[in-house]
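*Asks:* Below is the structure, and that's it, no one-letter string:
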């Protein structure tokens, strides 16, 4: 269930249909702003589906993708209103990330305090402490490395190059990239 939420959160947004005051498309300028936002804070990165996608790609290479997946699953869990759905999601989070047999176990203090019994009476903030630990781990460890990574720097350079090109060239370059991949 959280897998669907994760894929929804990490889907690429369609290009912006906004236009500048001169009538030209601002999608390339918007992308640059997004990269700058990602560099400003982990919170900004995690609010942007494209940022989440790039961060996950980086974390996969570092063998720590489970951290962002757990964080995203907890965010989705907190928004759940239905009691039965909440129970299902709590169990899924527990079995996927927190149990000793978890397929994508995260390393947090206090996970042993959670047991099957507490999952029967879930509440939206039941994973908050653990989620905060993972957030801080990502913020002070993986995120800082992500900002220095080739993956991030290459993406940033591409956006800067597009920013410098006239709109016609940018569209042609974008089309070329789409059809040549």
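*Replies:* Perfect, I can see it now. The structure presented is a predicted model; accordingly, all values stated were derived computationally and were not measured. Numbering: from 1, shown residues only.
*Asks:* From residue 146, how far off is residue 157?
*Replies:* 15 Å (Cβ to Cβ, to the nearest Å). Just so you know, the C-beta spots here come from the backbone N, C-alpha and C atoms, and that holds for glycine as well.
*Asks:* the more surrounded of these two?
*Replies:* The neighbour comparison of residue 157 against residue 146 (other Cβ atoms under 10 Å) goes to residue 146, with 22 against 11.
*Asks:* which residues touch the more buried one?
*Replies:* 54, 55, 58, 59, 152 (Cβ atoms under 8 Å, 6 or more residues apart in numbering).
*Asks:* Tell me which two of the residues you listed sit farthest apart.
*Replies:* The most widely separated members of those, counting by Cβ to Cβ, are 59 and 152 (12.0 Å).
*Asks:* all helices for the chain, in order.
*Replies:* Along the chain, the stretches classed as helices by DSSP state H are 2-10, 27-40, 42-47, 49-61, 65-78, 83-93, 128-137, 143-148, 150-164, 167-179.
*Asks:* So what touches the third one?
*Replies:* The contact list for helix 42-47 (Cβ under 8 Å, 6+ apart) reads 37, 38, 51, 52, 55, 68, 71, 72, 135, 138, 139, 143.
*Asks:* just the buried members of those residues?
*Replies:* Buried subset of the contacts of helix 42-47 (neighbour count, 16 or more other Cβ atoms under 10 Å): 38, 51, 52, 55, 68, 71, 72, 135, 138, 143.
*Asks:* neighbours around the residue nearest to residue 93 when sequence neighbours are not counted, how many?
*Replies:* Leaving out its chain neighbours, the residue that sits closest to residue 93 by Cβ to Cβ, 6 or more residues apart in numbering is residue 73, at 5.2 Å. By the criterion of other Cβ under 10 Å, residue 73 has 25 neighbours.
*Asks:* Just the pLDDT for residue 73.
*Replies:* pLDDT for residue 73: 97.
*Asks:* With the one 3 residues further on instead?
*Replies:* Model confidence at residue 76, expressed as pLDDT, equals 97.
*Asks:* ok, how many other residues are close to it?
*Replies:* With other Cβ under 10 Å as criterion, residue 76 counts 19.
*Asks:* returning to what we had before: now, which of the contacts of residue 146 sits nearest residue 81?
*Replies:* For the contacts of residue 146, the nearest to residue 81 is residue 55 (27.8 Å; Cβ to Cβ).
*Asks:* Contact partners for the closest one?
*Replies:* 45, 46, 68, 142, 143, 146.
*Asks:* could you dump those to a markdown table with pLDDT and distance to residue 123?
*Replies:* Shown next, in a markdown table, are these (pLDDT from 0 to 100; distance: Cβ to Cβ, whole Å):
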| residue | pLDDT | distance to residue 123 |
| --- | --- | --- |
| 45 | 97 | 28 |
| 46 | 97 | 23 |
| 68 | 98 | 23 |
| 142 | 97 | 28 |
| 143 | 98 | 28 |
| 146 | 97 | 32 |
